[in-house]
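Asker: the sequence and its predicted three-dimensional model are supplied below.
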Amino acid sequence: MTVRPVVKRTARAVLLDGDALILIKRTKPGMDPYWVTPGGGVEPEDATVVEALHREVDEELGAKITDVVPCFVDTVEHIGADGGATGVKVQHFFVCRLDSMDLSLRHGPEIEEPCGEYEIVRIPFTRVGIASVHLVPLSLRHYLDGNIEGVRAMHAPDLG
């Protein structure tokens, strides 16, 4: 069995606000729009993946989150920019709740030097809502479509 090196890790939020899922609609020049969960790369200064998640949500949304629970991991082939390291990117997805959000507090590279547009949207956290957008990665879309009830159950008060 060949072990592929992990060359990038990301932390992403399946961010629930009541019955809504908060996403970022990405519009880049020359591409069709697509929707992603808030989050991004784990940086060397991040002590943990969860710390990276909090930092990224703060940067992209000006938001604070609570009830962070791991829910899904996606592993994809990754080729580094400008011929950098080749291996896999591991994306860690966490279901969490929105505690507060102030879009005027957004900061970081996506805000200061954007490549296209970053529009914060809420969709119903239902199968119809998920089907209404081009959510990437496709593996997350399939996971959420098949596990809406299970994802909600990750916040059940008796989970422990």
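Answerer: Now that the structure is in, tell me what you want to look at. Numbers count the residues shown, from 1 in each chain.
Asker: end to end, how far does stretch 33-47 reach?
Answerer: 33 Å (Cα to Cα, to the nearest Å).
Asker: ok, Asp99 touching Lys64?
Answerer: Yes. Look at Asp99 against Lys64 with Cβ atoms under 8 Å: they come within range, at 4.3 Å. In short, each C-beta sits where N, CA and C put it, glycine included.
Asker: which residues are in contact with the helix or strand of the chain with the lowest mean pLDDT?
Answerer: In the chain, no helix or strand scores lower on mean pLDDT, DSSP states H and E than helix 109-112, which sits at a mean of 84. For helix 109-112, the external contacting residues (Cβ atoms under 8 Å, 6 or more residues apart in numbering) are Gly40, Glu59, Glu60, Tyr118.
Asker: residues of it that come out buried?
Answerer: By neighbour count on 16 or more other Cβ atoms under 10 Å, the buried set for helix 109-112 is Glu110.
Asker: just checking, what packs against the helix or strand just after it?
Answerer: Going down the chain from helix 109-112, the next helix or strand is strand 117-124, by DSSP states H and E. For strand 117-124, the packing partners by 3 or more Cβ pairs under 8 Å, 6 or more residues apart in numbering; DSSP states H and E come out as strand 20-27.
Asker: whichever helix or strand comes after the strand it packs on: which residues count as buried?
Answerer: Following strand 20-27 in sequence order, the next helix or strand is strand 34-36 (DSSP H and E). Using 16+ other Cβ under 10 Å as the test for burial, strand 34-36 gives Tyr34, Trp35, Val36.
Asker: and stretch 116-125, by the same measure?
Answerer: Buried residues in stretch 116-125 (16+ other Cβ under 10 Å): Tyr118, Ile120, Ile123, Phe125.
Asker: ok, and what's touching that stretch?
Answerer: 16-17, 19-29, 31, 35, 60-61, 103, 110-111, 129-130, 132-133, 148, 152.
Asker: filter the residues you listed down to the buried ones.
Answerer: Applying 16+ other Cβ under 10 Å to these flags 16, 20-26, 35, 60-61, 110, 129-130, 133, 148 as buried.
Asker: pull the residues that contact the longest helix anywhere in the chain.
Answerer: Longest helix in the chain by number of residues, with DSSP state H as the criterion: helix 138-153. Outside helix 138-153, the residues that touch it by Cβ under 8 Å, 6+ apart are 14, 16, 37, 71-72, 74, 93, 95, 125-127, 130-131, 135, 159.
Asker: alpha carbons of that helix, in PDB - could you do that?
Answerer: The C-alpha coordinates for helix 138-153 follow below in PDB (Å, rounded to 0.1, in the frame of the first residue of the first chain):
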ATOM      1  CA  LEU A 138     -19.100  17.000  -4.100                       C
ATOM      2  CA  SER A 139     -18.200  14.500  -1.400                       C
ATOM      3  CA  LEU A 140     -19.500  17.000   1.200                       C
ATOM      4  CA  ARG A 141     -22.700  17.600  -0.700                       C
ATOM      5  CA  HIS A 142     -23.400  13.800  -0.900                       C
ATOM      6  CA  TYR A 143     -22.500  13.400   2.800                       C
ATOM      7  CA  LEU A 144     -24.800  16.200   3.900                       C
ATOM      8  CA  ASP A 145     -27.600  15.000   1.600                       C
ATOM      9  CA  GLY A 146     -27.500  11.600   3.200                       C
ATOM     10  CA  ASN A 147     -26.900  12.700   6.800                       C
ATOM     11  CA  ILE A 148     -28.900  15.900   7.600                       C
ATOM     12  CA  GLU A 149     -30.600  14.200  10.600                       C
ATOM     13  CA  GLY A 150     -27.300  12.700  11.800                       C
ATOM     14  CA  VAL A 151     -25.500  16.100  11.500                       C
ATOM     15  CA  ARG A 152     -28.300  17.700  13.500                       C
ATOM     16  CA  ALA A 153     -28.000  14.900  16.100                       C
END
